[in-house]
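Engineer: Sequence first, predicted model second:
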Amino acid sequence: QVQLVESGGGLVQPGGSLRLSCAASGFTFSSYAMSWVRQAPGKGLEWVSYISSEGGSTYYAASMRGRFTISRDNAKNTLYLQMNSLKPEDTAVYYCAKDLPGSTCCPPTTDYWGQGTQVTVSS
């Protein structure tokens, strides 16, 4: 079955950096576009970033553009999100998600999510 396991979250000061990872299994990772989404405390889900199946196309929500970088290693079945210049408003649970084939971006339609990893940006 599809499994997505995020890691790399934690507490970081404003202006700091974190790199999130998502280990994928149970499906042919290299065949699917992937996304990161987040949910801040008391708020709804927010799409963060998208990457095509082979990594050639990436898209970001406006507030993350220039600060976050999505990437993937299809040989390792792993998705990444490098987050720089973090702000308190980036505090959220971050989820990686498998995109439905043929869904348009952005945001794309997703069908499987991981359990999430908490990112807290605070001094």
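Structural biologist: Happy to help now that I have it.
Engineer: Tell me which stretches of this structure form helices.
Structural biologist: Ranges of helices in the chain, per DSSP state H: none exist.
Engineer: Quick one: find the helix or strand in it with the lowest mean pLDDT.
Structural biologist: Sorted by mean pLDDT, DSSP states H and E, the helices and strands of the chain end with strand 110-113, the least confident at a mean of 94.
Engineer: how about the strands in the chain?
Structural biologist: 3-7, 10-12, 18-25, 34-39, 45-51, 58-60, 68-73, 78-83, 92-99, 110-113, 117-121 (DSSP state E).
Engineer: which residues touch the second one?
Structural biologist: Right, strand 10-12. With contact meaning CB atoms under 8 Å, 6 or more residues apart in numbering, strand 10-12 is reached by 18, 86, 118-122. All C-beta atoms are positioned from the backbone trio N, CA, C, and that covers glycine.
Engineer: Distance of the spatially most central residue of the chain relative to Asp90?
Structural biologist: Central residue of the chain (CA atoms, centre = their mean): Trp36, 2.4 Å from the mean position. Going from Trp36 to Asp90 by CB to CB, to the nearest Å gives 12 Å.
Engineer: Common neighbours of the two, please.
Structural biologist: The contact sets of Trp36 and Asp90 do not overlap (CB under 8 Å, 6+ apart).
Engineer: Count residues in the vicinity of Pro88, would you?
Structural biologist: Per other CB atoms under 10 Å, the neighbour tally for Pro88 reads 11.
Engineer: Val119 is in contact with that one, correct?
Structural biologist: No - if you go by CB atoms under 8 Å, Pro88 and Val119 don't touch, sitting 10.8 Å apart.
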